[in-house]
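Peer 1: The sequence and its predicted three-dimensional model are supplied below.
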Amino acid sequence: MNIGVFDSGVGGLWILKHLQEELPGCNYVFFGDQAHVPYGTRQMEEIKSFSEDITKFLIEKNCKIIVIACNTASAASLLYLREKFPEIIFVGMEPAIKPAAEKTQTKKVGVLATPATFQGQLYNSVVEKFAQGVEIFKDTCPGLVSQIEKGDLSSKGTRAILEKALLPMLEKNIDTVVLGCTHYPFVIPLIKEIVGEKVNVIDPTSAIVHQVLRLLIEHQLFDEAILDKHGQINIFTSGNINGMNPILSKLFDSSLCLCVRQGLTHEKNIC
C-alpha cells in the first residue's frame, strides 16, 4: 500500500511522521515542493497547477491515497483534484475551527495560517459552519514558514514573528490557537512558551491520521499487517536534496531508511 503525501516544503513531514508511527507497514511517498515554497503568498491558480503536477507524480508512484499535507494547497486544489482524479482517495487539510469553537470558553480564537488559506473557500465555509458566536483573530505570520524550512525553530527571529502574531491576540483574551499551516506544529513548544498553559493549541495532525485510517478501512485497503511491519519511505523534493536534512534529523530515527531524491523532472537517489 503506497500512501502519497505532499506539501509546499517540510511541513508535511510532520504529518508523514505521525502517519508512519500509526501505520508503519504502509509505504510512503512524500513530495516537498521546496522549489516553490512558500505557497501562502502565491495565486490560487498557480498553487492548483503545482498540486496537479505533484498528484500526477504520486500516481505514477502507485499511490492510491494522497494526503494534501498543506492547508494552502488544500484550499486551492482539493475539490479540483477530486474531480480531476476520481479514482484517487484524497485527504485534505482545513483549519481546525470546529474543535476550537468547541473548546473555547472566552469565545475568542486565534488562527495562524497563510494568506492563501484565509482567502480560500474552504476556510470561509468552515468558519461559517462552525464558528457562529466565536470571534476569530487571524495572522499570517510572515516569514515563519521560511524560518521553519531552515530548521530554525527557536531563535530570537522565530520568536519575534510569533510574538508579533500572538501577543495582540492574547490582549483580546483568546484562549485557543488554531495552527492552520502544517509547518507550524514544529514551533508548538515556542508557541506554548508565549501563550502560556491556559491557552489551547490545536494541531489537526491526529485528525488527519484518523481520517486516513478510516478511509483505508472504508475502501477495503486496510490490512492488519500495516500496524506492525515496516514499510519504505521515499522522500522527494523539487529543491535542494539537502534542504530537508535539518527537519528530517529532528523527526525520524536514524534506523529508518529514508531515500531522499530530487523530482519531478528527474530523480537522484541519495539513500
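Peer 2: Received the coordinates, thanks.

Peer 1: Only C-alpha atoms from now on, for both contacts and neighbour counts.
Peer 2: Noted.

Peer 1: Which residue ranges of the stretch 51-200 of the chain form strands?
Peer 2: All strands of the stretch 51-200 of the chain, identified by DSSP state E, counting those that start in this stretch, fall at 65-68, 89-91, 108-112, 135-139, 176-179, 200-202.

Peer 1: residues near Lys172, how many?
Peer 2: 15 (other Cα atoms under 10 Å).

Peer 1: OK, contacts around it?
Peer 2: Lys108 (Cα atoms under 8 Å, 6 or more residues apart in numbering).

Peer 1: any idea how far Lys107 is from it?
Peer 2: Going from Lys172 to Lys107 by Cα to Cα, to the nearest Å gives 11 Å.

Peer 1: Would you format the strands of the stretch 51-200 of the chain as TSV with distance to Leu166, mean pLDDT and mean neighbour count included?
Peer 2: Formatted as TSV, those follow (distance: least, Cα to Cα, whole Å; pLDDT from 0 to 100; neighbours: other Cα atoms under 10 Å):
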stretch	distance to Leu166	mean pLDDT	mean neighbour count
strand 65-68	27	98	24
strand 89-91	29	98	20
strand 108-112	8	98	25
strand 135-139	8	97	17
strand 176-179	9	98	26
strand 200-202	12	97	20
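
Peer 1: Among the ones you listed, which comes closest to Asp253?
Peer 2: Among those, strand 65-68 comes nearest to Asp253, with 22.3 Å by Cα to Cα.

Peer 1: Could you check how far the closest one is from the centre of its chain?
Peer 2: Its chain's C-alpha centre and that of strand 65-68 lie 11 Å apart, by Cα atoms, centre = their mean, to the nearest Å.

Peer 1: same question, stretch 222-242
Peer 2: That offset, for stretch 222-242, works out to 16 Å (Cα atoms, centre = their mean).

Peer 1: ok, now stretch 63-80?
Peer 2: For stretch 63-80, the distance to the chain centre is 10 Å (Cα atoms, centre = their mean).
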